[in-house]
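Novice: sequence first, predicted coordinates after that:
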Amino acid sequence: MIYDENNLNVIQAILIRIIRETFFVISGIDFFQVEENKDNIKYAGIMPLHGDSLDMFIIMMGEDSLKTLTAKMLGINFVDVCQDDMIDAISEFSNVICGNLKAMLEKKKIAFKVTSPIAIKTSENLDFILKNKIKNISLNFSDTAKETKLKIIII
Amino acid sequence: MKILAVDDSKVIRKIIRLAVCSIGHEFLEAENGQEALEVLQQDDEIGLILLDWNMPVLDGYELLMKLKQDESLKQIPVMMVTTESERKNVVKAIKAGAINYLTKPFSVQELIIKISECVGEKVNDL
């Protein structure tokens, strides 16, 4: 089902809405879609998805972007954010975004199950996982000041 | 009032602590249902439990069922904190005795309003 172009467009449109709403609620930052994200990716939240169509959701961020979002979410200063908080935050972002995506896609008859998210610190952009995937969703987002960025991949 | 947050996410527990302390209540925390039971056994002054649905060891629903079967704990109000995909479970939780729910993502202000509803305070008075 996922390999139908219409479905990809539906999932992408819903995902963009969820990303904007989720981060605006938790951080007050209004994200919009951009062509590319040149941030040095350091953290990733991964949610394995079980279903007929979707396999995996990944959200990736650079250190400062994740630190900014975590600070705003917790209402603390940027310098006071520790690595544990960042790891936990990106894991929670995966959880909330996939939870919302699941609920909205069920209405479109696209079903999958979410499991527990995994958060990792990485030394490389995880784009390489797209190489052998015929169809995928890869989206980049930034705030208006282009200071806080994130990347989303669904395969 | 003492308010117990039960969630495996440290970040979510920190956000709840921010909300709880900002309206003058005392914050207690547990990272799963089993740990929550231990906290509840040691403290009989807890007036509200904020409960995540999906947790390791003992999940939110299992804990809710245990609370409602326990004579000394069943009167403590419980608010479920869930993701949108778990929303259908809210009905199950309300039937089991939860008094309110909040879906993620939420802002600190939304959380304050929900907590205030649960403890019978007017937000304007805070």
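Specialist: Okay, I see it. Numbering: from 1, shown residues only, chains lettered A, B, ... in the order given.

Novice: looking at chain B, which residue is nearest chain A?
Specialist: residue B:83 (2.7 Å; Cβ to the nearest Cβ). Backbone N, C-alpha and C define where each C-beta goes, glycine included.

Novice: is residue B:81 in a helix, a strand, or coil?
Specialist: On the three-state scheme (DSSP: H, G, I helix; E, B strand; the rest coil), residue B:81 is labelled strand.

Novice: check the burial of it by counting its neighbours.
Specialist: Using other Cβ atoms under 10 Å in any protein chain shown, residue B:81 is surrounded by 24 other residues.

Novice: quick check: which element contains the most centrally placed residue in chain B?
Specialist: Among the residues of chain B, the one closest to the centroid is residue B:50, at 0.7 Å (Cα atoms, centre = their mean). Here residue B:50 sits within strand B:46-52, counting by DSSP states H and E.

Novice: could you point out which element follows that strand?
Specialist: helix B:60-69.

Novice: packing partners for that next one?
Specialist: helix B:33-42, strand B:46-52, strand B:78-83, helix B:88-96 (3 or more Cβ pairs under 8 Å, 6 or more residues apart in numbering or on different chains; DSSP states H and E).

Novice: most proximal residue of chain A with respect to chain B?
Specialist: residue A:99 (2.7 Å).

Novice: distance between the strand or helix carrying that residue and the chain's centre?
Specialist: Residue A:99 belongs to helix A:83-106 when assigned by DSSP H and E. The chain centre lies 8 Å from the centre of helix A:83-106; the measure is Cα atoms, centre = their mean, to the nearest Å.

Novice: ok, stretch A:71-90 next?
Specialist: Distance, centroid of stretch A:71-90 to centroid of chain: 17 Å (Cα atoms, centre = their mean).

Novice: what distance separates the start and the end of it?
Specialist: 12 Å (Cα to Cα, to the nearest Å).

Novice: got a pLDDT number for residue A:113?
Specialist: Note for residue A:113: predicted pLDDT of 84.

Novice: what residues are up against it?
Specialist: A:49, A:50, A:51, A:102 (Cβ atoms under 8 Å, 6 or more residues apart in numbering or on different chains).

Novice: pull out the buried positions in the helix or strand bottoming out on mean pLDDT in chain B.
Specialist: Sorting the helices and strands of chain B by mean pLDDT, DSSP states H and E puts helix B:88-96 at the bottom, at a mean of 88. By 16 or more other Cβ atoms under 10 Å in any protein chain shown, the buried positions in helix B:88-96 come out as B:89, B:90, B:93.

Novice: show me which residues of chain A are close to chain B?
Specialist: A:21-22, A:25-26, A:70, A:73-75, A:84-85, A:88-89, A:91-92, A:95-96, A:98-100, A:102-104, A:106, A:114, A:116 (Cβ under 8 Å from any Cβ of the partner chain).

Novice: nearest spatial neighbour of the residue nearest the centre of chain A, chain-adjacent residues omitted?
Specialist: Most central in chain A under Cα atoms, centre = their mean is residue A:59, positioned 3.2 Å from the mean C-alpha point. With sequence-adjacent residues excluded and distances taken as Cβ to Cβ, 6 or more residues apart in numbering or on different chains, residue A:59 is closest to residue A:45, at 4.6 Å.

Novice: residue A:14 versus that neighbour, what's the distance?
Specialist: Computed as Cβ to Cβ, to the nearest Å, the residue A:45 to residue A:14 distance reads 18 Å.

Novice: do residue A:4 as well
Specialist: From residue A:4 across to residue A:14, the span is 15 Å (Cβ to Cβ).

Novice: out of the two, which sits in the busier spot?
Specialist: Higher neighbour count among residue A:4 and residue A:14: residue A:14, with 18 against 12, using other Cβ under 10 Å.

Novice: where are the low-confidence patches of chain A?
Specialist: A:1-3, A:125, A:130-135 (pLDDT under 70).

Novice: buried set for the top strand by length along chain A?
Specialist: The strand that spans the most residues within chain A, counting by DSSP state E, is strand A:41-51. Within strand A:41-51, the residues that count as buried by 16+ other Cβ under 10 Å are A:41, A:42, A:43, A:44, A:45, A:46, A:47, A:48, A:49.
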